[in-house]
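K.L.:
Only the shape, not the letters, is given here:
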């Protein structure tokens, strides 16, 4: 029975992926417009989301990670899944009790004075229960879902098949997306969340990090009761950070909370170490005295010392208009795919930084964003997951800041936190600040004016190159589609020739099928060589 469920689950996942690829190919073959393709991806996004909710388990987490990869996924698809959250019913209590007893090697009553049988939170990977220790201390017990280990193996096996299929047959610029890296990152992030020991150690590290930070609380952890499938932490009361009515009842000022929030997270983003990658409103509680309570350390990112050095080089390169240095820093940080052209990245950085922001505000932002997304997808760039999480962490805090103090500019709220960070840091950061001041328009007016004069011509040139590349790529894809169509028709012809015992039919179909397969292979090889030429240009 279990094996049948696994096969059904794998079939459901793989058949959806094959259906998506065939439909996108069909739209390409019929020459559908971009608007029609957007509607198709919107429909696919809805189907994908519905399938995830039906299958539950670790796939919900895969969907959440895909929703923050707009650099490799169509926007209309991402829009449908970006609000994807866990909507998973709790497991039967008997199954949860078996997990606890298996992990603790004893009855639950030997470890806990009491345990509520109704989950206070239920997500795709774990469920949280309220309990009391034998000394009466109130705790939160997070238990991994019993079926998760089996589902993980099945789902990742399915995902590997899908990505292998997409890599060879999907009508997307395969040479510019590292599917092996994408799979590795997805697997690594989810496996990290499955190990509650890692979450325990991260919580302990965060508690030590903020022990002297006023107004911040990280719940205590009880290591003796923690395993790789069970996590026991202090129960802490508080309200969600987006509960503005309760915050008003506490007589707390939203703008001050917003500034304190950035003071809490800015060092996590700018310095080497671990940062909270999922700081949504449910994971940051606020207490009546204004204390922030940080929860759920299952999803974290890390900025290594090496990354922090190259981040500083990237920032310095942009501030001092040394775009070669900035492009090299991006390469060292892993943003560029192998054999990527530093020159194209250098030009893109120069054009982006040279844009007059006042003129930019008057543009059709939707059209500009779409154009930039298309240009980015044409470049050999893929944002590493650890930096996607960094961007997600910032965007989440920015959203919470807007909720706390609507109408205020993010930069105005963040500026005091940035100045505090500089003031309390070493000399290198002061040097960086001085370099930034020296690069402002007051000191760089003439240089900026000269650059702006050249911007339109450079943008037109790069846009033309982009359109030529898109046309050439579609030309190769059309040739491959025609060859694939010949192969499919020939394959059906062989089948019917055998069925009706027509030697002429099956031999002719075999020849047609062979021509189609040869054409597909030769065109694919030419396309691969062309993509390498584009990347090295």
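P.N.:
Done, it's in. In this text the structure is predicted, and so the values were computed from the model without any measurement.

K.L.:
Any figure for the gap between residue 114 and residue 136?
P.N.:
Computed as C-beta to C-beta, to the nearest Å, the residue 114 to residue 136 distance reads 9 Å. To be clear about C-beta, it is placed using only N, CA and C from the backbone, and glycine gets the same treatment.

K.L.:
More neighbours: which of the two?
P.N.:
Using other C-beta atoms under 10 Å, the more surrounded residue of residue 114 and residue 136 is residue 114, with 13 against 8.

K.L.:
Who's the closest spatial neighbour of that one, skipping the chain neighbours?
P.N.:
Nearest residue to residue 114 in three dimensions, chain neighbours excluded: residue 132, at 4.8 Å (C-beta to C-beta, 6 or more residues apart in numbering).

K.L.:
Assign that neighbour to helix, strand or coil.
P.N.:
strand (DSSP: H, G, I helix; E, B strand; the rest coil).

K.L.:
repeat for residue 321
P.N.:
Residue 321 ends up coil, using three-state DSSP.

K.L.:
so how many other residues sit close to it?
P.N.:
Using other C-beta under 10 Å as the criterion, the residues surrounding residue 321 number 17.

K.L.:
still on that earlier bit, please look at the residue nearest to residue 114 and residue 139 and confirm they touch.
P.N.:
Yes. Using C-beta atoms under 8 Å, residue 132 is in contact with residue 139, at 7.0 Å.

K.L.:
Quick check on those two: which one has the bigger neighbour count.
P.N.:
Neighbour count, other C-beta under 10 Å: between residue 132 and residue 139, residue 139 has more, with 20 against 15.

K.L.:
Need the pLDDT of residue 249.
P.N.:
Listed pLDDT for residue 249 reads 90.

K.L.:
Repeat that for residue 534.
P.N.:
62.

K.L.:
for residue 108, same thing?
P.N.:
93.

K.L.:
Just list the residues touching the closest residue to it other than its chain neighbours, thanks.
P.N.:
Leaving aside its sequence neighbours, residue 108 sits nearest to residue 100 (C-beta to C-beta, 6+ apart; 5.2 Å). Contacts for residue 100 (C-beta atoms under 8 Å, 6 or more residues apart in numbering) come out as 108, 111, 141, 143, 230.

K.L.:
helix, strand or coil for the fourth one?
P.N.:
Spelled out, it's residue 143. strand.

K.L.:
where does the stretch 301-450 of the chain dip in pLDDT?
P.N.:
Residues of the stretch 301-450 of the chain that meet the criterion pLDDT under 70 lie in 315, 319-320, 337-340, 351-382, 385-386, 422, 425-450.

K.L.:
can you give me the strands in the stretch 251-400 of the chain?
P.N.:
Counting by DSSP state E, counting those that start in this stretch, the stretch 251-400 of the chain has strands at residues 273-276, 284-286, 292-294, 300-303.

K.L.:
Show me which of those strands has the highest average neighbour count.
P.N.:
Scoring the strands of the stretch 251-400 of the chain by mean neighbour count under mean count of other C-beta atoms under 10 Å gives strand 284-286 as the most buried, with a mean of 22.

K.L.:
So which elements touch that one?
P.N.:
Other helices and strands packing on strand 284-286, by 3 or more C-beta pairs under 8 Å, 6 or more residues apart in numbering; DSSP states H and E, are strand 239-240, strand 292-294.

K.L.:
Just put these in CSV and tack on distance to residue 221.
P.N.:
Below are these laid out as CSV (distance: least, C-beta to C-beta, whole Å):
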stretch, distance to residue 221
strand 239-240, 22
strand 292-294, 12
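
K.L.:
quick one on the thing from earlier: so can I have TSV of the strands of the stretch 251-400 of the chain showing distance to residue 341?
P.N.:
Formatted as TSV, the strands of the stretch 251-400 of the chain follow (distance: least, C-beta to C-beta, whole Å):
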stretch	distance to residue 341
strand 273-276	31
strand 284-286	42
strand 292-294	42
strand 300-303	27
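
K.L.:
Quick one, which of those gets closest to residue 31.
P.N.:
strand 300-303 (41.9 Å; C-beta to C-beta).

K.L.:
Note down every partner strand of the closest one and its orientation.
P.N.:
Here strand 300-303 has these sheet partners by DSSP bridges: strand 273-276 (antiparallel).

K.L.:
how far does the strand it pairs with sit from the chain's center?
P.N.:
16 Å (C-alpha atoms, centre = their mean, to the nearest Å).

K.L.:
Please apply the same query to stretch 327-334.
P.N.:
Using C-alpha atoms, centre = their mean, the offset of stretch 327-334 from its chain centre is 19 Å.

K.L.:
Could you look up the SS state of residue 139?
P.N.:
strand.

K.L.:
Residue 129 now?
P.N.:
strand.

K.L.:
Ok, residue 52 next?
P.N.:
At residue 52 the chain is in helix, as set by three-state DSSP.

K.L.:
residue contacts, it?
P.N.:
Applying C-beta under 8 Å, 6+ apart, the residues near residue 52 are 59-60, 62-63, 81, 84.

K.L.:
Save those residues as TSV, and put in neighbour count, distance to residue 215 and pLDDT too.
P.N.:
Conversion of those to TSV gives the following (neighbours: other C-beta atoms under 10 Å; distance: C-beta to C-beta, whole Å; pLDDT from 0 to 100):
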residue	neighbour count	distance to residue 215	pLDDT
59	25	38	72
60	20	33	75
62	22	36	72
63	20	35	74
81	19	35	74
84	20	32	62
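
K.L.:
Among these, give me the pair with the biggest separation.
P.N.:
Going by C-beta to C-beta, the pair spanning these furthest: 59 and 81, at 11.4 Å.

K.L.:
hey, where'd the helices end up in the stretch 401-537 of the chain?
P.N.:
In the stretch 401-537 of the chain, the helices defined using DSSP state H, counting those that start in this stretch lie at 410-423, 427-438, 441-499, 503-536.

K.L.:
list the contacts for residue 264?
P.N.:
Per C-beta under 8 Å, 6+ apart, neighbours of residue 264: 213, 216, 292.

K.L.:
Please name the nearest non-neighbouring residue to the first one.
P.N.:
Among residues not flanking residue 213 along the chain, residue 264 sits closest, at 7.4 Å (C-beta to C-beta, 6+ apart).

K.L.:
ok, so of the contacts of residue 100, who is nearest residue 164?
P.N.:
For the contacts of residue 100, the nearest to residue 164 is residue 143 (34.2 Å; C-beta to C-beta).

K.L.:
Can you get me a residue count around that closest one?
P.N.:
24.

K.L.:
Just the pLDDT for it.
P.N.:
Reading off the model, residue 143 has pLDDT 95.
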